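> below: sequence and its predicted model.
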Amino acid sequence: MNTDIIYGSLVTLVSDPSLWALMLAAIPMGMIFGAVPGLGGKLGIVFSIPLVFGMEQVHGAVFLLAMHSVVHTGGSIPSILLGIPGTGPDAATVCDGYPMTQRGEAGRALGTSLAASAVGGVLGAFFLAALIPIVQPIVLAFGPAEFFFLALLGITFIAALSGDSLLKGIIVGGFGLMLSFVGTEPQTGVQRFTFGQIFLSDGINVTTATLAIFAIPETLMIASSSRAVSSTESGTTRYRFSDLLSGAADVVRHWGLTLRTSLIGAVIGLIPGLGGDVASWMCYGHAVQSSKTPERFGKGAVEGVIAPETANNSKEGGALLPTLFFGIPGSSGMAVMLGAFIMLGIQPGPSIALDHLDLVWILIWTLVIANVMAALMFLLIGRWLALIVFMRTGLFVPFVLLLVFVGGYIGGGDWENLIVLVGLGALAYGLKRCDWPRAPFVIGIVLGPVMDISLHQSLAIWGPGFVFRPIALGLALATVATILVSWRRTRALSEGNRALP
């Protein structure tokens, strides 16, 4: 491993005042988006896209990752104080965090969550760093044929894991794939599906599509159910500084559980499509199973706060690896992050591992520094940040919608992109209301150009026989296996539902 790149990237990050300023702005923003139930990390990235538009690649990527990596740190606040998850993965924290508050240990629970999140985030970053030497030779073995089937596997995998129906996921992913073909055909220069519209000659703008699919439905759902999380402060935000330190000491006291759940969370993050919910609940289950007194869980066991909080933050390091090196996001949040990276001119894939390792290491150090800074910042502003949970979520709606439309316009530079934004946003709102997955759409529109070019190159080099290249064949079989496993799971669930009285 090139130590010059490792230390050089750290020096670049810590010696640039503008990067420190961006992190200082991004971290409280991420914690606020996590602390207000109904917002979350995906909406935080969407909110940030217009803010980072036009920034240098490193500056924009650092801002986005610093903001996103601490969302779950903020999400533990309403989970512990009110028993209301700030984000989906924080639901597991409610099981023991809220009972601790009910018996007067809110400060200890918050301190435990704070320290566990910081340790999990740092260990997740180190997990990503440890895998870089392994990933590089794998990337070097990939050619056009392998990337075609890898993109196909990515769409199928995300479709299989993002909902209860593989067919729904494939349909949505296929629609995204279809829209990715709009524009100029890369081999012949022929216009495809543009219907004579000049603004479509460069294709559907990924930033516009990402904003439409994720931001508009979430914002409309928040607007339709706009209310304050709690009407009274109820005294739950009152705690002493010594209580926070006592909770942090619990993380050290249970260091074995902290290390194990951090590793489990990072590994789960590495698997595309699983995400934070799976990581937090699996680690919570591990804490229960490995405890000598499992009957304490659900009644205020501090281990029940440590396990999900370490997992929530450590999975970000694992999820970043497939996102950067293969263009396959490790979670739905990383799917939105992928679109934001592309807007900044960062093209995930083999070129990252071969030519831009300095950027990867800057992002690794960003994960480390952001999680530590979030812990320190919480110690300073925790009492006031806790009041965020009592805000009316509808107050955010006008600002988010304004930034969404600004981002949709400047993302493509043509006013017609607003028509695409509204059209795709209406479609996405319908998908959300009908409980259809949306992540496969973004994967389809992002990986579509990769599939298109890789298929043409593979046919030109090897002809139809490219399918039988060893790695390509393995990826093709993995795609078929994913479909079969998902089909069997769906069939088993439907039979189980029919068996219920």
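Everything's here; your move. Only a predicted model underlies this, so the values are computations on that prediction, with no experimental measurement involved.
> show me the shaky parts of the stretch 351-500 of the chain.
When residues are selected by pLDDT under 70, those of the stretch 351-500 of the chain lie in 353-355, 381-396, 410-413, 490, 492-500.
> please, where are all the helices along it?
Listed in chain order, the helices of the stretch 351-500 of the chain (DSSP state H, counting those that start in this stretch) span 357-385, 397-412, 416-433, 439-462, 470-499.
> turn the ones you listed into CSV, including distance to A118 and mean neighbour count.
Heads up, the C-betas are built off the backbone N, CA and C, glycines and all. Formatted as CSV, those follow (distance: least, CB to CB, whole Å; neighbours: other CB atoms under 10 Å):
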stretch, distance to A118, mean neighbour count
helix 357-385, 4, 20
helix 397-412, 28, 19
helix 416-433, 33, 18
helix 439-462, 28, 22
helix 470-499, 35, 13
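> and M29, which of those is closest to it?
Smallest distance to M29 across the helices of the stretch 351-500 of the chain (CB to CB): 11.1 Å, for helix 357-385.
> show me what the closest one is packed against.
On a contact count with 3 or more CB pairs under 8 Å, 6 or more residues apart in numbering; DSSP states H and E, helix 357-385 meets helix 3-14, helix 17-35, helix 57-69, helix 71-81, helix 106-140, helix 241-253, helix 303-326, helix 350-355.
> give me that answer again for 7 Å
With contacts taken as 3 or more CB pairs under 7 Å, 6 or more residues apart in numbering; DSSP states H and E, helix 357-385 sits against helix 3-14, helix 17-35, helix 57-69, helix 106-140, helix 303-326.
> tally of neighbours for the nearest residue to D96 once chain neighbours are set aside?
Leaving aside its sequence neighbours, D96 sits nearest to G304 (CB to CB, 6 or more residues apart in numbering; 3.0 Å). Neighbour count of G304, defined by other CB atoms under 10 Å: 27.
> in this structure, which residue is most central in space?
Nearest residue to the geometric centre of the chain (CA atoms, centre = their mean): G333, 2.4 Å.
> tell me if I'm right that the residue nearest to D96 and R296 touch.
No: in this structure G304 lies outside contact range of R296 using CB atoms under 7 Å: 8.2 Å.
> if we can go back for a sec, distance-wise, check the residue nearest to the centre of the chain relative to L13.
The gap separating G333 from L13 is 22 Å, by CB to CB, to the nearest Å.
> equivalent analysis for G60, please.
Counting by CB to CB, the gap from G60 to L13 is 14 Å.
> ok, V442 - contacts?
V442 is in contact with G176, T210, I213, A335, V336, G339, counting by CB atoms under 7 Å, 6 or more residues apart in numbering.
> for stretch 167-175, what is the average pLDDT?
Averaging pLDDT along stretch 167-175 gives 84.
> that stretch: how far from the chain's middle?
On the basis of CA atoms, centre = their mean, to the nearest Å, stretch 167-175 sits 20 Å off its chain's mean C-alpha point.
> list the buried ones in that stretch?
Buried residues in stretch 167-175, counting neighbours by 16 or more other CB atoms under 10 Å, are found at K168, G169, I170, V172, G173, F175.
> can I get those in a markdown table including secondary structure and distance to L200?
Shown next, in a markdown table, are these (DSSP: H, G, I helix; E, B strand; the rest coil; distance: CB to CB, whole Å):
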| residue | secondary structure | distance to L200 |
| --- | --- | --- |
| K168 | helix | 27 |
| G169 | helix | 26 |
| I170 | helix | 25 |
| V172 | helix | 21 |
| G173 | helix | 21 |
| F175 | helix | 16 |
